[in-house]
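**Student:** I need the structure of the sequence given here:
(one chain, ligands or ions: 1)
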Amino acid sequence: MDIKAKLNLNVINAPMSGIRKISDMVMQMKDVVRMDLGEPDFDVPEHIKEAAIKAIKDGFSHYTPGPGIMELRKAAAVKFKSENGLDYDPETEITVTQGGIGAIFSALQTMVNPGDEVIVSDPVWPVYLGVLGILEAKPVFVTIKEKNGFNMMPDEVKAKITSKTKVIVINSPNNPTGGVMTESNLKAIAKLAAERGIFVLSDESYEKLILGKTKHLSIGSLPGMRDLTVTQFTLSKTYAMTGWRIGFAVAPKEISAGLRKVSLYTITHANSVAQKAAVAALTGPQDCVAKMVEAFRGRAKIISEGLNATDKISCIQPEGAFYAFANISKLNMKSEDFVLKMIKEARVSAVNGSSFGESGEGFVRFCFANSDENIKEAVKRISAFVKTL
Ligand code: PLP
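**Tutor:** Reported below is the predicted structural model:
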């Protein structure tokens, strides 16, 4: 019997992430400096761990409300209003999700119907494509270019809008490029969306990891955007809590009602203990975040200056997140071949730009969530390696 043919082919044929392919491969290898997976190398701050331990000891081990405990939603509402200019009701418009991905999946499932077009960048974080494939929606790509600081340019977005465009996905600070959208570009895209009633999914996973001069701005705070925008936040990157799986979907009540149903039928709610820890993360001291950002600023410099010094690879200084998107086009090699050879011969892992879409070819993503010492070692190995090519 052909089991596969009987299954949901949208699910079966959904693309597998090229990032995972590399990380699964290098996991088995020794002496490799890991610059592939995008995950902070810091430990979870002590006061957050304490809150989780207390929750376990207090027996906070039962079902919580589907959208999350009110204490957490209220703490989140204060943060979103004061820091992001997003004024949403914790009762009906703020939902605790299972990581940022929980917000992305439930929001897209609520907003798109099969055949709808969704504008995404190219290069793109491939998870959006997996979700859109499952939902039978069509990704429409807008190339983001190095010369524009990897910004999604409003004119190029405009050129891709059709009567079927349902959502524009903005991811700033950006994975994989480290670009941060400028205020003027965000304002122009917001104007396009507001005039046409197009939804925006704003992935702000890396909002705190601002490394350069461009400030973070939440598009949902711009005129006309409140009721068209779903903003996704996560504690994964800000507090090094990737495994704790706490994120947020901030959306007008009609969209929130839908995404809460998706969340209810898939995860029921986010982990109870992690929700208590999340309250401590949002309401406790924030100096841990400032320290981490300072460290990432230093590391961004080490990797980009180190790669530029090779004169075979160039790399613009990342403005945000913890990714350096290095240009290897001078080498005339496919990015996948380059990465596989670099892993084998230089013992440094990274992700080939082609894993992030057609326009990622000619680039390699180095994740600098690693110690200064390891990044310096990686630069040394890469410099020696490129001389052999
Ligand atoms: N969005 C982007 C661009 C990411 O890079 C990630 C994680 O790597 C996420 C969302 C989701 O993060 P999580 O589900 O761990 O909160």
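
**Student:** going by C-alpha atoms from here, please, whenever you check contacts or count neighbours.
**Tutor:** Fine.

**Student:** show me what from the protein comes close to the ligand.
**Tutor:** 38, 99, 100, 101, 125, 175, 203, 205, 234, 236, 242, 247 (CA under 6 Å from any ligand atom).

**Student:** kindly reformat these as JSON lines containing secondary structure, neighbour count and pLDDT.
**Tutor:** JSON lines is the format used below for those (DSSP: H, G, I helix; E, B strand; the rest coil; neighbours: other CA atoms under 10 Å; pLDDT from 0 to 100):
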{"residue": "38", "secondary structure": "coil", "neighbour count": "20", "pLDDT": "83"}
{"residue": "99", "secondary structure": "helix", "neighbour count": "24", "pLDDT": "98"}
{"residue": "100", "secondary structure": "helix", "neighbour count": "24", "pLDDT": "98"}
{"residue": "101", "secondary structure": "helix", "neighbour count": "23", "pLDDT": "97"}
{"residue": "125", "secondary structure": "coil", "neighbour count": "20", "pLDDT": "96"}
{"residue": "175", "secondary structure": "coil", "neighbour count": "26", "pLDDT": "97"}
{"residue": "203", "secondary structure": "strand", "neighbour count": "25", "pLDDT": "98"}
{"residue": "205", "secondary structure": "coil", "neighbour count": "26", "pLDDT": "98"}
{"residue": "234", "secondary structure": "strand", "neighbour count": "27", "pLDDT": "98"}
{"residue": "236", "secondary structure": "coil", "neighbour count": "21", "pLDDT": "96"}
{"residue": "242", "secondary structure": "helix", "neighbour count": "19", "pLDDT": "95"}
{"residue": "247", "secondary structure": "strand", "neighbour count": "25", "pLDDT": "98"}
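
**Student:** what is the nearest of those to residue 70?
**Tutor:** Nearest to residue 70, judged by CA to CA, of those is residue 247 at 14.5 Å.

**Student:** show me the helices in the chain, by range?
**Tutor:** 3-6, 9-12, 18-27, 46-57, 70-84, 99-111, 127-134, 154-160, 183-196, 253-266, 272-283, 287-308, 335-341, 372-387 (DSSP state H).

**Student:** contact partners of the longest one?
**Tutor:** Defining contact as CA atoms under 8 Å, 6 or more residues apart in numbering, one finds that helix 287-308 is touched by 42, 45, 208-212, 238-239, 313-318, 322-324, 326, 368-369, 371-372, 375-376, 379, 382-383.

**Student:** for burial, what's the neighbour tally of the nearest residue to residue 317 once chain neighbours are set aside?
**Tutor:** Nearest residue to residue 317, sequence neighbours excluded (CA to CA, 6 or more residues apart in numbering): residue 304, at 5.9 Å. Using other CA atoms under 10 Å, residue 304 has 23 neighbouring residues.
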